[in-house]
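[1] When you get a sec, could you give me coordinates for this:
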Amino acid sequence: MRCFLAIELPRETRDRLAALQRRLSVLDRDVRWTKVDQIHLTVKFLGEVPDADVGQMCSSAATVARDYPPFDIQVSGTGCFPPRGPARIVWAGLASLPQPLIDCHKAFERAFAELGIPPETRPFHPHLTTGRVRDPRGSHKIRPVLEPESQFDGGHFIVEGLVMFQSVLHPSGPTYTVLSHAALGG
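    Residues are numbered from 1 along each chain as shown. A predicted model of the protein is given here:
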C-alpha cells in the first residue's frame, strides 16, 4: 500500500489555492493542476508499505505526534522544483519553517526508520504541490508567469494533527484515502 503522512489544509487555504490556480490558468496547457481537495503538505512519504505493517505505521505516527504541540503555518509564495533548469513541480510555500514542524519531521523520520522505512536523503522542503508540469521542454514559460504570485498569501492556520493517507495512482490522477489521524499534543 502506497502511504504518506501529511497535514491537511483548511477550507480557506484551499479556496485561496483554487483562486491561485485560476489566476495561473494561462498555464493550463503546460501544467496539470492538482485537484484542490487533494493539496496537502507531506511530512513523510513512506512509499510502498506491506498491508500487514500499515497499522503499526499509523500507531507509530500517533505516538510521535503526541509529543509535539500544535503549531502555526502561514502559506505564502509560489515557485517550481527544481529551482533551476526544467521545472517539474509548481508549488505554494510557507512563509517560514516553524520549528515544531522541523522537529516533528525529524521525529517521524527516526520512528519510521525503526520500522524499516528509509529516511529521506534530500533536505526537507515543505510545500504544497499545486501542479505538475506536463512537458519539461515547455517549462521555460512557467517561472515568468509565477513571478507576479511570489507574494501569494495562502492564509494562516494552526496544525492540530496529521493524517496517514493511502495513495492509489490512476491514469487520471491519484486518489487519497484517510487511514488514520495523529493528533498533536495527544
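
[2] F152: what's it in contact with?
    Applying CB atoms under 8 Å, 6 or more residues apart in numbering, we find F152 in contact with R16, L20, V75, S76, G77, T78, A92. Just so you know, the C-beta spots here come from the backbone N, C-alpha and C atoms, and that holds for glycine as well.

[3] Verify the stated contact: W33 with R22.
    No: counting by CB atoms under 8 Å, R22 is not a contact partner of W33; they are 9.6 Å apart.

[4] Between those two, which has more neighbouring residues?
    Using other CB atoms under 10 Å as the criterion, W33 and R22 rank with W33 on top: 21 against 9.

[5] which residues does that one bridge with?
    Beta-bridge partners of W33, counted by DSSP bridges, are G131.

[6] just how off-centre is the longest helix anywhere in the chain within its chain?
    Longest helix in the chain, counting residues (DSSP state H): helix 99-114. Chain-centre distance of helix 99-114: 15 Å, with CA atoms, centre = their mean, to the nearest Å.

[7] got it, and stretch 16-35?
    How far stretch 16-35 lies from its chain's middle: 17 Å, per CA atoms, centre = their mean.

[8] Okay, the most centrally placed residue in the chain and G131: tell me how far apart.
    Centre of the chain computed as the mean C-alpha position; nearest residue by CA atoms, centre = their mean is L41, 2.6 Å away. Per CB to CB, to the nearest Å, L41 is found 15 Å from G131.

[9] now do Q74
    Going from Q74 to G131 by CB to CB gives 21 Å.

[10] between these two, who's got more neighbours?
    G131 (22 against 16).

[11] Please verify my assumption that that one contacts R32.
    Yes: with contact defined as CB under 8 Å, G131 and R32 form a contacting pair (6.2 Å).

[12] Could you measure from F45 over to G131?
    18 Å.

[13] tell me which residues in the strand of greatest length in the chain are buried?
    Across the chain, the strand with the greatest residue count (assigned by DSSP state E) is strand 71-81. If you call a residue buried by 16 or more other CB atoms under 10 Å, then strand 71-81 has these buried ones: F71, I73, Q74, V75, S76, G77, T78, G79, C80.

[14] what's downstream of it, the next helix or strand?
    strand 89-94 (DSSP states H and E).

[15] Low-confidence regions, the chain specifically.
    Where the chain drops to pLDDT under 70, the residues are 186.

[16] for the closest residue to V49 other than its chain neighbours, what are its contacts?
    Spatial nearest neighbour of V49, excluding adjacent residues (CB to CB, 6 or more residues apart in numbering): C3 at 4.9 Å. Going by CB under 8 Å, 6+ apart, C3 touches L46, G47, V49, V54, M57, M164, F165, Q166, S167, L179.
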